[in-house]
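Asks: mind looking at a prediction? Sequence and model below.
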Amino acid sequence: MSPKFVLERYELTDREQRRLIRVVWQRGMSVSCTLYRINRMTPLYTLLPLTCNLLGEELVPLGELFWVTFRDSDLQFKPEIDRFARFLRDRMDSGLIQDPYLREVLDFEQALNALSFAAFQGVSDGAVELPEENGHGLFLHPQVRVVAFRHDPLATLDALSRRSKPSEPIEGEFFLLIDGRTERLEIVPADARFGRILLEAAASKAGISISETSAVLLELGLLVGPQLASVNEGGLS
Amino acid sequence: MTGGYAATSAQQVDELLNIPKLGIGLLYNPSLVEFLESDLDGLDYIEIIPDMFWTDRGHGQSPRYIDLESWVRALEWIASRWPIVGHNIGLSLGSADVFDEEHLDRLAGWVQRYRYPWHSDHLSFLRISGPDGHDHNAGLAVPVPYDEELLDLFINRIKRVRQKAPIPFLIENSVYFVDIPEQEMSEPEFLNRLSIGSGCGLLLDLHNLYTNSRNHNFDPLEFVNQLDLGRVVEIHIAGGSELAGMWTDSHAGPVSEPVWELLAYTVPKTANLAAITFEFHDSYYPLLKTEGIRQQLERARSSWNARRV
């Protein structure tokens, strides 16, 4: 593409045009482009390290495609990884990525990040509310996330944290609970019965009804009433 | 304007004289928590990049800025122990058609909140106005040409910053990887005139200077000699690394040896130096560890003790 063709789209003085034409051929231009790529890769690798490890050699070509799709970036970490997660989910939904572990690993890291970045002003420690009189209106505690896995999560995440691919971990129905109610996030496996209910509560807009199982979770403070559930609205979760 | 810095007004000199002399500090990154919990004595202040502590949801959003709660909690703990200095990255003072007053208001709010003795930003730009009214981020600090037109732009914008946040403001010399042809003045001349014209002080990043001198083959000592060192309030020191045949300001671990030499040369010539800040990228904490950081700070302190008092 000729410089004239590119530059005529902008209102530039003769000196500005001469400068750009001379600058674009300098080796520093290529270094600047590489630094731009590093700066856009940094949020992904910092906040989605296991997802990046799982993508392995596919990460760079996917990253380049992502940058073409989302040219405008503010380079803030949280919005950038949300955009990248959306990009990966679209490709998984349309069958362009078929990695069996990707969705659950991405869910897990996004849940971790949601808790790290969210604003929780107004959440009082250990507060447990009663549900409404008709027994409906139970929600997942705003500082708790539950993630469903189709493969043994501990084996999967352990392999990825060692930069290895998961080596056929046991398949089944697994849940990890990420608990942000304490000073540091706690990650613990959840019983499948509890996991299903917590997942349902997380997805429900009206809240779930009370039952023998949900009553246990209510007592543990993992399920809460609507008032406490809404305290992080306007946050970033 | 050769030697223009001789025209420093009495009021400007007074402002620089009155800046508290803090000593040796660190640019905050999340890996520092362990170090900060273990070392209260070797450190005189903490410098922060305020933009790291919030998410900016962009123009027109309400609220536009949301604090990152866990980060701010850590900052509150730090602020209860050390003075905090603000080092901004988002004013983008060199953008031709973008100047974000809301962002400036936000920064001014943090100036009050954490009672910075001064704050700073860079001699560069990174925002470009986008077609949909949102700013595009260039992804790295883009150098500006040292021309009269840019000098006027920077002077007017720094005056605006000083109006809204009436504390000393410093401008930092940036790294550049390309040589912009046909510039009207040298970088030291631009910085000297900018400092006098706008009333700002200078943040002399010696690693940036070393990087530029190495990549563009000039004598960094000559640069230091040409700079009005009476306007230098803060010095940055750091390490770097090579990328595709050029040295970069990657803040890779310990301070580069030539930067120590520049520090030893420069500090005794400064009259109003208030702080020396060690910067490193958090990914290099496993290399430095607590002891490595302490060694860097101790070495910086021996240079600090050689300043003019």
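Replies: Perfect, thanks for sending it.
Asks: so which bits of stretch B:41-54 are buried?
Replies: For stretch B:41-54, a neighbour-count test (16 or more other C-beta atoms under 10 Å in any protein chain shown) marks B:42-48, B:50-51, B:53-54 as buried. All C-beta atoms are positioned from the backbone trio N, CA, C, and that covers glycine.
Asks: SS state for the residue of chain A found nearest chain B?
Replies: Relative to chain B, the nearest point of chain A is A:G28 (3.2 Å; C-beta to the nearest C-beta). The three-state label given to A:G28 by DSSP: H, G, I helix; E, B strand; the rest coil is helix.
Asks: identify the residue nearest it in space, chain neighbours excluded?
Replies: Closest residue in space to A:G28, ignoring its immediate chain neighbours: B:F177 at 3.2 Å, by C-beta to C-beta, 6 or more residues apart in numbering or on different chains.
Asks: surely that neighbour and B:M246 touch.
Replies: Yes: between B:F177 and B:M246 there is a contact under C-beta atoms under 8 Å: 6.1 Å.
Asks: any residues in contact with both of these two?
Replies: When C-beta atoms under 8 Å, 6 or more residues apart in numbering or on different chains defines a contact, the residues bordering B:F177 and B:M246 alike are A:28, A:31, B:215.
Asks: contact partners for the second one?
Replies: When you say that, I think you mean A:V31. Taking C-beta under 8 Å, 6+ apart, one finds B:177, B:243-246, B:248 in contact with A:V31.
Asks: of those, select the buried ones using a ChimeraX command.
Replies: A single ChimeraX command is used to select the members of the contacts of A:V31 judged buried by 16+ other C-beta under 10 Å:
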select /B:177,246,248
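Asks: any chance of the contacts of A:V31 in a markdown table, plus secondary structure and pLDDT?
Replies: What follows is the contacts of A:V31, written out as a markdown table (DSSP: H, G, I helix; E, B strand; the rest coil; pLDDT from 0 to 100):
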| residue | secondary structure | pLDDT |
| --- | --- | --- |
| B:F177 | coil | 97 |
| B:L243 | strand | 94 |
| B:A244 | coil | 91 |
| B:G245 | coil | 94 |
| B:M246 | strand | 97 |
| B:T248 | strand | 96 |
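Asks: could the contacts of A:V31 go into a markdown table alongside distance to B:L202?
Replies: Output for the contacts of A:V31, formatted as a markdown table (distance: C-beta to C-beta, whole Å):
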| residue | distance to B:L202 |
| --- | --- |
| B:F177 | 22 |
| B:L243 | 27 |
| B:A244 | 30 |
| B:G245 | 30 |
| B:M246 | 25 |
| B:T248 | 22 |
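Asks: tell me the phi and psi of whichever residue of the stretch 101-250 of chain B sits closest to chain A?
Replies: Residue of the stretch 101-250 of chain B nearest chain A, by C-beta to the nearest C-beta: B:F177 (3.2 Å). Main-chain torsions, B:F177, degrees, to the nearest 10: phi -110, psi -10.
Asks: measure it to B:I49 for me?
Replies: 22 Å (C-beta to C-beta, to the nearest Å).
Asks: try B:R193
Replies: From B:R193 over to B:I49 (counting by C-beta to C-beta), the distance is 27 Å.
Asks: near chain A, which residues of chain B show up?
Replies: Residues of chain B lying close to chain A by C-beta under 8 Å from any C-beta of the partner chain are B:55-56, B:58, B:63, B:66-70, B:130, B:134-140, B:145, B:176-182, B:215, B:243-246, B:248.
Asks: quick check: ChimeraX command selecting the buried ones in these.
Replies: In ChimeraX, a selection of the buried entries from those looks like this (16+ other C-beta under 10 Å):
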select /B:55,56,66,68,69,70,135,136,137,138,139,140,145,176,177,178,180,215,246,248
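Asks: can you flag which of the residues of chain B next to chain A belong to strands?
Replies: B:55-56, B:66-67, B:135-140, B:243, B:246, B:248 (DSSP state E).
Asks: lowest-confidence one in those residues?
Replies: Within the set of these, pLDDT is lowest for B:D135 (80).
Asks: what about the nearest residue to it once chain neighbours are set aside, helix or strand, and which?
Replies: Distances taken as C-beta to C-beta, 6+ apart place B:R127 nearest to B:D135, at 4.4 Å, with adjacent residues excluded. Assigned by DSSP states H and E, B:R127 falls within strand B:124-129.
Asks: CA atoms only for that strand, dumped as CSV, please.
Replies: Provided in CSV are the C-alpha atoms of strand B:124-129 (Å, rounded to 0.1, in the frame of the first residue of the first chain):
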residue,chain,number,x,y,z
SER,B,124,3.9,11.3,25.7
PHE,B,125,0.4,10.4,24.7
LEU,B,126,-1.7,7.2,24.5
ARG,B,127,-5.3,8.3,23.9
ILE,B,128,-6.7,9.0,20.4
SER,B,129,-10.3,10.0,19.9
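Asks: how distant is that strand from the center of its chain?
Replies: Offset of strand B:124-129 from its chain centre (C-alpha atoms, centre = their mean, to the nearest Å): 17 Å.
Asks: same question for stretch B:228-238.
Replies: Counting by C-alpha atoms, centre = their mean, stretch B:228-238 comes out at 9 Å from the chain centroid.
Asks: span of it from start to end?
Replies: 22 Å (C-alpha to C-alpha, to the nearest Å).
Asks: same check on stretch B:110-128?
Replies: With C-alpha to C-alpha as the measure, stretch B:110-128 spans 24 Å from end to end.
Asks: check stretch A:86-104 too.
Replies: End to end - C-alpha to C-alpha - stretch A:86-104 spans 14 Å.
Asks: which parts of chain A are helices?
Replies: A:3-7, A:14-23, A:27-47, A:49-55, A:59-69, A:77-93, A:102-117, A:153-161, A:192-203, A:212-219, A:226-229 (DSSP state H).
Asks: redo those as CSV? Include distance to A:F139 and mean pLDDT.
Replies: Listed next are those as CSV, based on distance: least, C-beta to C-beta, whole Å; pLDDT from 0 to 100:
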stretch, distance to A:F139, mean pLDDT
helix A:3-7, 54, 79
helix A:14-23, 56, 94
helix A:27-47, 26, 92
helix A:49-55, 27, 96
helix A:59-69, 33, 93
helix A:77-93, 22, 93
helix A:102-117, 15, 93
helix A:153-161, 24, 94
helix A:192-203, 6, 89
helix A:212-219, 10, 78
helix A:226-229, 3, 68
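Asks: format these as JSON lines; extra columns: distance to B:L288.
Replies: Shown next, in JSON lines, are these (distance: least, C-beta to C-beta, whole Å):
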{"stretch": "helix A:3-7", "distance to B:L288": "44"}
{"stretch": "helix A:14-23", "distance to B:L288": "35"}
{"stretch": "helix A:27-47", "distance to B:L288": "18"}
{"stretch": "helix A:49-55", "distance to B:L288": "20"}
{"stretch": "helix A:59-69", "distance to B:L288": "27"}
{"stretch": "helix A:77-93", "distance to B:L288": "23"}
{"stretch": "helix A:102-117", "distance to B:L288": "24"}
{"stretch": "helix A:153-161", "distance to B:L288": "23"}
{"stretch": "helix A:192-203", "distance to B:L288": "40"}
{"stretch": "helix A:212-219", "distance to B:L288": "44"}
{"stretch": "helix A:226-229", "distance to B:L288": "42"}
